[in-house]
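**Q** What would the 3D arrangement of this be:
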Amino acid sequence: MKEKKVFIIGSGIGGLATAIRLTKLGFSVHVFESNDFVGGKINSKTFKNYRFDMGPSIFTEPYLMDELLELSEQKTITFDYSLLSESCRYFFADSHSFTLPVGKKEVSIKIAKELGEDKEKVFSYLDRMEKNYTAVAPVFIHVSLHKIKQLLNKQILSALKRLFKYGLSSSMNKVNASYFKNPKTVQLFNRFATYNGSNPYETPGMLNIISHLELNKGPALPKGGMFMITKTLYDIAVQLGVTFSFNEKVERILYSNNRATGLNTIKGDYLSDIVVSNMDVHFTYEKLLKDFPFHPKKILAQEKSSSAIVFYWGIKSEFPDLGLHNIFFSENYKKEFKSIFETKEMDSDPTIYVNITSKIEKKDAPANSENWFVMVNAPINVGQNWNEIVSILRKNILEKLSKVLKTDIESLIEVEEVMDPLKVETLYSGKQGSIYGNASNSRTAAFYRHPNFSKKLKGLYFTGVTVHPGGGIPLALNSAKIVERCVKDDFEL
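**A** Numbers count the residues shown, from 1 in each chain. Here you go, the predicted structure:
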């Protein structure tokens, strides 16, 4: 029988994981990437001996990578990572700071000590998040929400019961405020809404399950940095025989008789049996299927997730008070999110996240120096003057960090690069600079993420953070698993 061809648009981790899974199903896979590098947002750059992971910096559910390695059967490729005993260091506006460990018991004791919460109540909260995740994940994360066959399992009733009891009636903030008496505890747990670019005052309470992954199970760090996720997947794909075409922008998805038939790129037409888009779903329709008459208008019209502004700073000093992950909270969290999602402005006192991989990966910075990835959540691009915004923001961040750390940070900056929403849009094809596609700022948001397959074009599938099940590394890898299952069902494999 003739080998069936699969074309994948984009080499983000969703596209790479999909390439591996479909190759193992027996397909001939070809990945088209418009950039000259692999990995999408998870890429790495070095500036004057300072190495930076340019995008995502938090890694949970490493078993998903172990699973792909096992599936690939490539014994010569390894993926090493360390499980962290520390989740994050928190700095509050009133100068209170502490380090949060990992584990229900450890976190409960620490929050009780530092923030005056009832230890048993914190433990109960974390335990409930674990139970919610365990019930909901097999139904709303691991399978398609849009295929009846995949939803028909014995766990569906338990998941729906928990979803409606704990997840849809209240916002994340309301759930957390009902549990905890200290506003700082509420702020700490509210921050997990940002893990998929959403607003804790609007997003459903069920998204509190994100805290289970970081606080109960704990984050990990790949040996060599986050880019090793990309490199490992790419190396596996190459060894399996996946073809890659870099600097080859896809301009159209070809179709005939309601079936995807291939791609048109800057170099010509290619025919295939399957097309998988790892591109932002909005741009997939707006640019690659602009003449196709059936666009999912309701899905594409949903509110977009937040964007980000990142400063990559090479700091010629070391700060023992900082760890791998550090959060400097704003004084008025609600005002900050109102700026991001309503007025589309940059708040004057944003929450600052500082990631320093050289704390663990010493080679990421010169001796006695550190590589600072300094990020704030930002509104999407609606025509703002980003040069002016970045300039003002830089001043505010430096002022805040210098005050907290009692050091003139600006005088220590040896290397500097910047990422803003405009660059996110142009470099990574994120609609208006949004990082995760649609936000989850409504009770029904999960049901309005685009499915992993087209309902109008047979043979067209979707993977990555802008489609089901959502944003973040684990969900992108899960989207590849869902595409694999959809293809197996559709092709009766």
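
**Q** Name the helix or strand of this protein that has the lowest mean pLDDT.
**A** helix 148-151 (a mean of 60; mean pLDDT, DSSP states H and E).

**Q** tell me the domain boundaries of the protein?
**A** Using automatic domain parsing, the domains assigned to the chain come out as 5-42+224-301+440-490, 102-216, 306-428.

**Q** Tell me which of the ones you listed lies nearest to Tyr90.
**A** Comparing these against Tyr90 with CB to CB, the closest turns out to be domain 306-428 (5.2 Å). Heads up, the C-betas are built off the backbone N, CA and C, glycines and all.

**Q** So, low pLDDT: which residues of the chain?
**A** In the predicted model of the chain, residues 1, 146-168 satisfy pLDDT under 70.

**Q** re the thing from before, right, so the domains of the chain: which one is the most enclosed?
**A** The densest packing among the domains of the chain, expressed as mean neighbour count by mean count of other CB atoms under 10 Å, is seen in domain 5-42+224-301+440-490 with a mean of 21.

**Q** Between the two ends of that one, how far is it?
**A** 15 Å (CA to CA, to the nearest Å).

**Q** With distance to Ile77 as extra columns, can I get the domains of the chain in TSV?
**A** TSV is the format used below for these (distance: least, CB to CB, whole Å):
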stretch	distance to Ile77
domain 5-42+224-301+440-490	5
domain 102-216	25
domain 306-428	20
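
**Q** Provide the secondary structure category for the residue nearest to Asp349 when sequence neighbours are not counted.
**A** The spatial neighbour of Asp349 that comes closest, neighbours along the chain excluded (CB to CB, 6 or more residues apart in numbering), is Ser330 at 4.7 Å. With DSSP: H, G, I helix; E, B strand; the rest coil as the basis, Ser330 sits in coil.

**Q** Buried residues in stretch 57-73, which are they?
**A** Within stretch 57-73, the residues that count as buried by 16 or more other CB atoms under 10 Å are Ser57, Ile58, Phe59, Thr60, Glu61, Pro62, Leu64, Met65, Leu68, Leu69, Leu71, Ser72.

**Q** you'd agree Thr219 is up against Ser85?
**A** Careful, residue 219 is Pro; it's not Thr. No: look at Pro219 against Ser85 with CB atoms under 8 Å: they stay out of range, at 10.0 Å.

**Q** first to last residue in stretch 66-83, what's the distance?
**A** Taking CA to CA, the first and last residues of stretch 66-83 lie 14 Å apart.

**Q** which helices and strands does the strand or helix carrying Glu425 pack with?
**A** Counting by DSSP states H and E, the element that carries Glu425 is helix 421-428. With contacts defined as 3 or more CB pairs under 8 Å, 6 or more residues apart in numbering; DSSP states H and E, helix 421-428 has these neighbours: strand 307-315.

**Q** angle of the strand it packs on against helix 421-428?
**A** Angle of strand 307-315 versus helix 421-428, following axes from the mean of the first three to the mean of the last three CA atoms, to 10 degrees, is 90 degrees.

**Q** Tell me where the longest helix sits in the chain.
**A** Among the elements of type helix in the chain, defined by DSSP state H, the one spanning the most residues is helix 119-140.

**Q** In PDB, please show the C-alpha coordinates belonging to that helix.
**A** Extracted C-alpha coordinates of helix 119-140, given in PDB (Å, rounded to 0.1, in the frame of the first residue of the first chain):
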ATOM      1  CA  LYS A 119      -2.800  24.600  57.800                       C
ATOM      2  CA  GLU A 120      -5.600  22.000  57.400                       C
ATOM      3  CA  LYS A 121      -7.600  24.300  55.200                       C
ATOM      4  CA  VAL A 122      -4.700  24.900  52.800                       C
ATOM      5  CA  PHE A 123      -4.100  21.100  52.700                       C
ATOM      6  CA  SER A 124      -7.800  20.600  52.000                       C
ATOM      7  CA  TYR A 125      -7.700  23.100  49.200                       C
ATOM      8  CA  LEU A 126      -4.700  21.400  47.600                       C
ATOM      9  CA  ASP A 127      -6.200  18.000  48.000                       C
ATOM     10  CA  ARG A 128      -9.400  19.100  46.300                       C
ATOM     11  CA  MET A 129      -7.400  20.500  43.400                       C
ATOM     12  CA  GLU A 130      -5.700  17.200  43.000                       C
ATOM     13  CA  LYS A 131      -9.000  15.300  43.000                       C
ATOM     14  CA  ASN A 132     -10.500  17.800  40.600                       C
ATOM     15  CA  TYR A 133      -7.500  17.400  38.200                       C
ATOM     16  CA  THR A 134      -7.700  13.600  38.500                       C
ATOM     17  CA  ALA A 135     -11.400  13.600  37.600                       C
ATOM     18  CA  VAL A 136     -11.300  16.300  34.900                       C
ATOM     19  CA  ALA A 137      -8.000  15.600  33.000                       C
ATOM     20  CA  PRO A 138      -9.100  12.300  31.400                       C
ATOM     21  CA  VAL A 139     -12.200  13.900  29.900                       C
ATOM     22  CA  PHE A 140     -11.200  17.500  29.300                       C
END
